[in-house]
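> Sequence and predicted structure, then a few things I'm wondering about:
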Amino acid sequence: MTAPFTCRVITDVSELAALAPDWWELWRQSPTATPFQSPAWLLSWWNNLSDGDACVLAVHFDRRLVGLAPFCCERRSRGRFARLMGFPVTDYHDFLIAPKLEEPILALLSSRLEDVDFWDVMELAELPPDAHALRLAIPRGCNVTSARASACPVLDLPSTPDELPGILPPRKRRALRTAHNRAERRGSLQVRAADRSSAFDMFESLVALHRHRWSSRGEPGVLADSHVQQFHRDALPGLAAANLLRLYLLQIDDHPAAAYYGFMHRNQAYGYLTGFDPAYAFESPSVVLLGYVIAESICEGAHKFHFLRGREPYKYGWGARDCLNTYRVFHRIGVNSHDITRQA
């Protein structure tokens with residue numbers, strides 16, 4: 001079954017970068033791909049946040065890239081540990097596989113993973129319900145354990161923005177009206193959408209607002225790390241070029257009040273990060289902006305809005321329901337996986 005296919009291990013990062021055009025083509029073909037599997041996201045992650053060696057399984061058929069399993073591997077005191085690139089900033093992990101070739105490619109990946117020597121323990125974390133990696137067969141000589149991972153609340157969207165109030169909980173409808181009224185009393189409202197020329201400036205506004213929000217609570221926030229900030233900056237051009245990036249800034253009387261950073265792909269919207277100025281807390285600018293973004297997502301054809309990882313109460317306030325990721329850990333028989341994974 002797997003004879004027509006070839007699978008090689010890429011360890012040279014420059015070779016991986018050179019694969020980007022074929023990688024993009026495979027990503028575009030894959031019906032389950034998210035922005036988190038794109039070259040823009042993962043190559044930027046590699047350049048800024050990786051802490052190991054590249055061990056990428058690339059599957060070709062007749063010189064065409066049809067499968068990609070991008071692992072990052074580390075040698076630890078008790079063994080070799082591998083996990084998919086993107087940790088911990090990626091909400092949905094998976095392999096990339098060309099449509100209608102899932103079965104033979106998954107079989108080949110399982111067979112190849114049996115033979116390679118870059119892992120004793122392999123972690124497949126944050127796999128969404130439609131992930132290819134959920135169906136990866138256990139390589140011979142290995143065991144697997146599975147568990148629930150993060151909850152990622154998802155809001156099912158109506159066909160038109162006019163129908164949006166009808167699916168929102170009554171309390172959220174009232175809160176949205178109140179936030180709009182308060183914000184309009186505070187000043188003139190304007191929502192700006194970033195394009196390629198303004199994306200960097202708008203991202204800096206997001207960073208500042210996010211910092212203000214979390215420092216007011218005495219906490220650092222997820223953008224406190226300069227390497228994480230640079231990872232996102234480096235990803236912006238590729239995300240924008242692929243029309244994945246959605247950056248919005250809400251201004252009240254020309255002052256930045258709230259910012260939104262997310263993605264749109266096919267009929268799925270992904271809300272990754274927000275920030276707001278605590279000086280406008282009474283006006284709830286994040287509520288105003290998120291309502292605007294969700295409506296815009298519907299106009300673009302989104303069927304679902306992904307709030308991504310975490311069970312923050314505000315997500316359920318919009319009517320979102322949990323979608324559970326899965327965590328799979330493979331380990332070679334005879335290897336103490338606990339000793340290796342706890343070093344992560």
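The structure has been received and is ready for your questions.
> which residues does Asp53 bridge with?
Counting by DSSP bridges, Asp53 is bridged to Cys73.
> Could you do Ala258 as well?
When Ala258 is checked against DSSP bridges, its beta-bridge partners turn out to be Leu250, Phe276.
> what sits against it?
The neighbours of Ala258, taking C-beta atoms under 8 Å, 6 or more residues apart in numbering as the test, are 209, 249-250, 274-277, 280, 285-286, 288-289. All C-beta atoms are positioned from the backbone trio N, CA, C, and that covers glycine.
> ditto for Ile298
Under the criterion of C-beta under 8 Å, 6+ apart, the contact list for Ile298 reads 157-161, 164.
> one more time with 7 Å, if that's ok
Listed by C-beta atoms under 7 Å, 6 or more residues apart in numbering, the contact set of Ile298 reads 157-158, 160-161, 164.
> Now the buried members of those.
Among these, those classed as buried by 16 or more other C-beta atoms under 10 Å are 157, 161, 164.
> Just the ones in helices from the residues you listed, please.
For those, membership in helices holds for Leu164, with DSSP state H as the criterion.
> can you redo the buried ones among the contacts of Ile298 as a markdown table with pLDDT and distance to Ala125?
Formatted as a markdown table, these follow (pLDDT from 0 to 100; distance: C-beta to C-beta, whole Å):
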| residue | pLDDT | distance to Ala125 |
| --- | --- | --- |
| Leu157 | 98 | 27 |
| Pro161 | 97 | 35 |
| Leu164 | 97 | 33 |
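> Now Glu300. Nearest residue, chain neighbours left out?
Nearest residue to Glu300, sequence neighbours excluded (C-beta to C-beta, 6 or more residues apart in numbering): Met264, at 5.8 Å.
> my bad, Leu176
The spatial neighbour of Leu176 that comes closest, neighbours along the chain excluded (C-beta to C-beta, 6+ apart), is Gly291 at 5.1 Å.
> burial count for that neighbour?
A count of neighbours around Gly291, defined by other C-beta atoms under 10 Å, yields 23.
> That one sits in which helix or strand?
Counting by DSSP states H and E, the element that carries Gly291 is helix 285-299.
> does the residue nearest to Leu176 really touch Thr178, like I thought?
No - taking C-beta atoms under 7 Å as the contact criterion, Gly291 and Thr178 are not neighbours in contact, 11.6 Å apart.
> Mind putting the contacts of Ala258 into TSV with neighbour count?
As requested, the contacts of Ala258 are arranged in TSV below (neighbours: other C-beta atoms under 10 Å):
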residue	neighbour count
Leu209	25
Leu249	23
Leu250	27
Thr274	21
Gly275	25
Phe276	25
Asp277	22
Tyr280	22
Pro285	28
Ser286	23
Val288	24
Leu289	23
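> List the ones among the contacts of Ile298 that fall in strands.
Using DSSP state E to define strands, no part of the contacts of Ile298 is located there.
> if we can go back for a sec, tabulate the contacts of Ala258 in JSON lines, adding columns for pLDDT.
Listed next are the contacts of Ala258 as JSON lines, based on pLDDT from 0 to 100:
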{"residue": "Leu209", "pLDDT": "95"}
{"residue": "Leu249", "pLDDT": "98"}
{"residue": "Leu250", "pLDDT": "98"}
{"residue": "Thr274", "pLDDT": "96"}
{"residue": "Gly275", "pLDDT": "95"}
{"residue": "Phe276", "pLDDT": "96"}
{"residue": "Asp277", "pLDDT": "95"}
{"residue": "Tyr280", "pLDDT": "96"}
{"residue": "Pro285", "pLDDT": "97"}
{"residue": "Ser286", "pLDDT": "97"}
{"residue": "Val288", "pLDDT": "98"}
{"residue": "Leu289", "pLDDT": "98"}
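> now the residues you listed as JSON lines including distance to Ala194?
Rendered in JSON lines, the data for the contacts of Ala258 read as follows (distance: C-beta to C-beta, whole Å):
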{"residue": "Leu209", "distance to Ala194": "14"}
{"residue": "Leu249", "distance to Ala194": "8"}
{"residue": "Leu250", "distance to Ala194": "13"}
{"residue": "Thr274", "distance to Ala194": "14"}
{"residue": "Gly275", "distance to Ala194": "14"}
{"residue": "Phe276", "distance to Ala194": "17"}
{"residue": "Asp277", "distance to Ala194": "18"}
{"residue": "Tyr280", "distance to Ala194": "20"}
{"residue": "Pro285", "distance to Ala194": "17"}
{"residue": "Ser286", "distance to Ala194": "17"}
{"residue": "Val288", "distance to Ala194": "18"}
{"residue": "Leu289", "distance to Ala194": "13"}
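> Outside of stretch 190-209 itself, list whatever touches it.
Stretch 190-209 is contacted from outside by 223, 229, 232-233, 236, 240, 245, 247-251, 256, 258-259, 261, 273, 275-277, 289, 292, using C-beta under 7 Å, 6+ apart.
> go with 8 Å
223, 229, 232-233, 236-237, 240-241, 245-251, 254, 256, 258-261, 273-277, 289, 292, 296.
> mind listing the strands for the chain?
Here the chain has its strands, by DSSP E, at 5-10, 53-61, 64-76, 79-84, 96-97, 121-127, 142-151, 154-156, 189-193, 245-252, 255-265, 268-276, 304-306, 324-332.
> quick one: the fourth one to chain centroid distance?
With C-alpha atoms, centre = their mean, to the nearest Å as the basis, the distance from the averaged C-alpha position of strand 79-84 to the chain average is 20 Å.
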